[in-house]
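Undergrad: coords please:
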Amino acid sequence: MRQVNHILAVVLVIAFTLTMALPWSAAWAADPAFQVPAGERQLFLDEVGIAHIGNLHRTLHKPNKKGAVIRPTPPYEKIQGVHCAPAWDPQAELWKIWLVNSGDYSGTAYAQSKDGLHWTKPVLSQVEVNGSKENNYITIDPTLSWPANAIMNVVIDPDDPDPSRRFKGLAHASGREPVVSADGINWRKLDVKPLRSADMSSLSYDRKTGTFIAALKTFSRYGRAQAISTSKDFKSWTEPKLAMEADDLDQELGRQRIKARFADPTLDPPEYDIPETYNVDLYGLGVFRYEGLYIGLPMMFHRTARVPKDWPGFDEMELSDEVLKNVRAHGDWTGFHHLQLAVSRDLSNWQRLAERRPFLETSPLGSGAYDLQTLSPPSDAIVRGDELWFYYGGNQGYAFISIGTAHDGGAVHLAVLRRDGFISLDAGEQAGTIQTEPFKLPGTKLFVNVDALNGDLRIELLNGDGKVVAKSKPLTGDLLREPVTWAEGNIADLKGQTASLRFTLRNGQFYSYWLE
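TA: Numbers count the residues shown, from 1 in each chain. Model prediction:
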């Protein structure tokens, strides 16, 4: 036995020595985890693909709010919400969107636009409201009432060979029932098992992998949580798997944010403040593919009070008969939302970013906005040139009493972000560097997205032996898709070979790079 152990030890030493003698590029080639597909932008939201980073810090960037773009239409609409992104229909040459309304009639409505900014609500004559069919409501069956008549989430599928299934959606009914349509206006159910979800869900289509992604509301120890189910054919779905939930840190941060909100006179305070019922849970989740990542926008609900139905304080408030009936039957809840930013590579393992600071939060009082207390997560980022457009729902209140008193409580809003602009790597006067893991070069041209108006970005190309073989000319300015030019050597000489990139940034913000 002692001789066998000695022989094994010798073998291990020899194997280790041979491994150490190999060039580091050859050792990496045995485990090619990091790849850079041609044309796919590489962002810096996580640590994948980063071998070294020094003197750079990450900065979260919030989208710029443009205000409400679709408002309720009186007298029959009171809240105009949205749980899907607009879909571009190339046949109709229109943006199409599906709205969840409440008021005299609760259900799903339809709007369309040529530019994504100015929306019209065509008369569809599918549903009778207040004795008239002159409205833009759609339904699977006009005899159904809320919530069975509501189509919550819609995507367009340009890859389905069946034209009657170009649009796909999830109807509210019993859980989430898959439905399909040729035009997004006339819908039919599929004979498939509904997905399990409470009142909130989202749907997106990952065209690169041909995968439909549904985020479904479930529950965990702190209340609402989010599970994910996927499908390749929109018929067979994976068993929903818990993807994200609130934890102890959310409760700690939540109490701080609730107290700060009540102390801030510029923000709309929720109607009740009962500290012993404070809670933070994950109300909804927008999930979509962006470049090589899955982006998550968790909708964090900060509950400021949970009031039982027999609470005596209701009698001291000036409530309408309808609102008083609701609170006496169900009690009431107050709170506010914000959206955070999360990232995943596999839809299972999620990392919440920027120390869980808000990516999108409610608007201040006096801004003229609807999203004073409540906002719902976008289900996709719409690429418009060098910008990302996010459509989200925003309400003036959350509780029964706030909904009952608001004249037009909710609308669809637009917020705009620089393309790739979720998080940047920043440097000041002292330069910072980031070096990538080795990867096989897929193209001959390197592009960067960087804002260095008062500084510069320099790039070095390292070959498989770690030797610098090319140096760029310095790049200065606000450059959203800038091709890199080379002062020494050229990246084209190493196409198809293993290499790495080293970026040196001074006085700037670096968002992404890619090769073509």
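
Undergrad: per-residue confidence at the nearest residue to Tyr222 once chain neighbours are set aside?
TA: Closest residue in space to Tyr222, ignoring its immediate chain neighbours: Ala246 at 4.2 Å, by Cβ to Cβ, 6 or more residues apart in numbering. No exception for glycine: its C-beta is placed from N, CA and C like everyone else's. On the pLDDT scale, Ala246 is placed at 98.

Undergrad: What is the least confident helix or strand in the protein?
TA: helix 24-29 (a mean of 32; mean pLDDT, DSSP states H and E).

Undergrad: so how far is the very next helix or strand once past that one from its chain's centroid?
TA: Moving toward the C-terminus from helix 24-29, the next helix or strand (DSSP states H and E) is strand 42-43. Distance of strand 42-43 from its chain centroid, counting by Cα atoms, centre = their mean, to the nearest Å, is 16 Å.

Undergrad: In CSV, list the C-alpha atoms belonging to the next helix or strand after strand 42-43.
TA: Going down the chain from strand 42-43, the next helix or strand is strand 50-54, by DSSP H and E. What follows is strand 50-54 as a C-alpha-only set of coordinates in CSV (Å, rounded to 0.1, in the frame of the first residue of the first chain):
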residue,chain,number,x,y,z
ILE,A,50,-13.0,39.9,-15.8
ALA,A,51,-9.5,38.7,-14.9
HIS,A,52,-8.4,41.9,-13.2
ILE,A,53,-9.9,45.2,-12.2
GLY,A,54,-8.1,48.0,-10.5
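
Undergrad: The residue nearest to Tyr222 against Leu282, yeah?
TA: Yes: Ala246 is within contact range of Leu282, at 5.3 Å (criterion: Cβ atoms under 8 Å).

Undergrad: and Glu252, that one's in a helix?
TA: Yes: assessed by DSSP: H, G, I helix; E, B strand; the rest coil, Glu252 belongs to a helix.

Undergrad: Walking through this structure, point out its helices one by one.
TA: Counting by DSSP state H, the segments of the chain that form helices are 2-21, 24-29, 248-263, 321-330, 400-405.

Undergrad: Least confident of those helices, on average?
TA: Of all these, the minimum mean pLDDT falls on helix 24-29 (a mean of 32).

Undergrad: Got the domain ranges for this protein?
TA: Following automatic domain parsing, the chain resolves into domains at 1-31, 33-57+424-515, 64-420.

Undergrad: Name the nearest residue to Phe503, sequence neighbours excluded.
TA: Nearest non-adjacent residue to Phe503, counting by Cβ to Cβ, 6+ apart: Ile434, 5.1 Å away.

Undergrad: quick one: contacts for the one you found?
TA: Going by Cβ atoms under 8 Å, 6 or more residues apart in numbering, Ile434 touches Phe44, Ile50, His52, Ile53, Gly54, Leu56, Leu425, Arg502, Phe503, Leu505, Phe510.

Undergrad: what about it, distance to Leu417?
TA: Applying Cβ to Cβ, to the nearest Å, the value for Ile434 to Leu417 is 22 Å.

Undergrad: Longest strand in this structure, by number of residues?
TA: Criterion DSSP state E: the longest strand present in the chain is strand 446-462.

Undergrad: buried ones in that one?
TA: Going by neighbour count (16 or more other Cβ atoms under 10 Å), the buried part of strand 446-462 is 446-452, 455-462.

Undergrad: Pull that strand out as CSV, backbone CA atoms only.
TA: The C-alpha trace of strand 446-462 is given here as CSV (Å, rounded to 0.1, in the frame of the first residue of the first chain):
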residue,chain,number,x,y,z
LEU,A,446,-13.4,46.3,-31.7
PHE,A,447,-16.0,48.8,-30.6
VAL,A,448,-16.6,50.5,-27.2
ASN,A,449,-19.3,52.5,-25.5
VAL,A,450,-17.6,55.0,-23.3
ASP,A,451,-18.1,58.6,-22.0
ALA,A,452,-14.7,60.2,-21.6
LEU,A,453,-15.3,63.8,-22.6
ASN,A,454,-12.6,65.0,-20.2
GLY,A,455,-10.5,62.0,-20.3
ASP,A,456,-9.5,59.0,-22.4
LEU,A,457,-9.7,55.3,-22.9
ARG,A,458,-6.8,53.3,-24.1
ILE,A,459,-6.8,49.6,-25.1
GLU,A,460,-4.0,47.0,-25.3
LEU,A,461,-4.4,43.6,-27.0
LEU,A,462,-2.5,40.7,-25.3
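
Undergrad: partner strands of it, parallel or antiparallel?
TA: Using DSSP bridges, the strands paired with strand 446-462 are strand 468-472 (antiparallel), strand 475-483 (antiparallel), strand 498-506 (antiparallel), strand 508-515 (antiparallel).

Undergrad: Quick one: distance of it to the chain centre.
TA: Relative to its parent chain, strand 446-462 has a centroid offset of 27 Å by Cα atoms, centre = their mean.

Undergrad: got it, and stretch 274-289?
TA: That offset, for stretch 274-289, works out to 15 Å (Cα atoms, centre = their mean).

Undergrad: any idea of the mean pLDDT in it?
TA: pLDDT averaged over stretch 274-289 gives 98.

Undergrad: As PDB, could you dump the C-alpha coordinates of it?
TA: Extracted as PDB, the C-alpha positions of stretch 274-289 are listed here (Å, rounded to 0.1, in the frame of the first residue of the first chain):
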ATOM      1  CA  ILE A 274     -47.900  51.200  11.500                       C
ATOM      2  CA  PRO A 275     -44.300  50.200  12.200                       C
ATOM      3  CA  GLU A 276     -45.100  46.800  13.700                       C
ATOM      4  CA  THR A 277     -46.500  45.700  10.300                       C
ATOM      5  CA  TYR A 278     -43.600  47.000   8.200                       C
ATOM      6  CA  ASN A 279     -42.500  44.500   5.600                       C
ATOM      7  CA  VAL A 280     -40.700  44.200   2.300                       C
ATOM      8  CA  ASP A 281     -41.500  41.600  -0.300                       C
ATOM      9  CA  LEU A 282     -41.000  41.000  -4.000                       C
ATOM     10  CA  TYR A 283     -44.300  42.000  -5.700                       C
ATOM     11  CA  GLY A 284     -43.300  41.500  -9.300                       C
ATOM     12  CA  LEU A 285     -40.300  40.800 -11.600                       C
ATOM     13  CA  GLY A 286     -39.500  41.900 -15.100                       C
ATOM     14  CA  VAL A 287     -37.100  39.500 -16.800                       C
ATOM     15  CA  PHE A 288     -35.600  39.800 -20.200                       C
ATOM     16  CA  ARG A 289     -32.500  38.900 -22.200                       C
END
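
Undergrad: list the buried ones in it?
TA: In stretch 274-289, counting by 16+ other Cβ under 10 Å, buried: 277-289.

Undergrad: for stretch 293-309, same thing?
TA: Applying 16+ other Cβ under 10 Å to stretch 293-309 flags 293-307 as buried.

Undergrad: And stretch 253-267, by the same measure?
TA: Leu253, Gly254, Arg257, Ile258, Arg261, Leu267.

Undergrad: Please apply the same query to stretch 483-490.
TA: Val484, Trp486, Gly489.

Undergrad: OK, contacts around the last one?
TA: With contacts defined as Cβ under 8 Å, 6+ apart, Gly489 is in contact with Leu461, Val469, Ala470, Lys471.

Undergrad: residues in contact with the last one?
TA: Neighbour list for Lys471: Arg458, Ile459, Glu460, Leu461, Trp486, Ala487, Glu488, Gly489 [criterion: Cβ under 8 Å, 6+ apart].

Undergrad: May I have the beta-bridge partners of Asp426?
TA: Bridge pairing for Asp426 - DSSP bridges - gives His57, Gln509.
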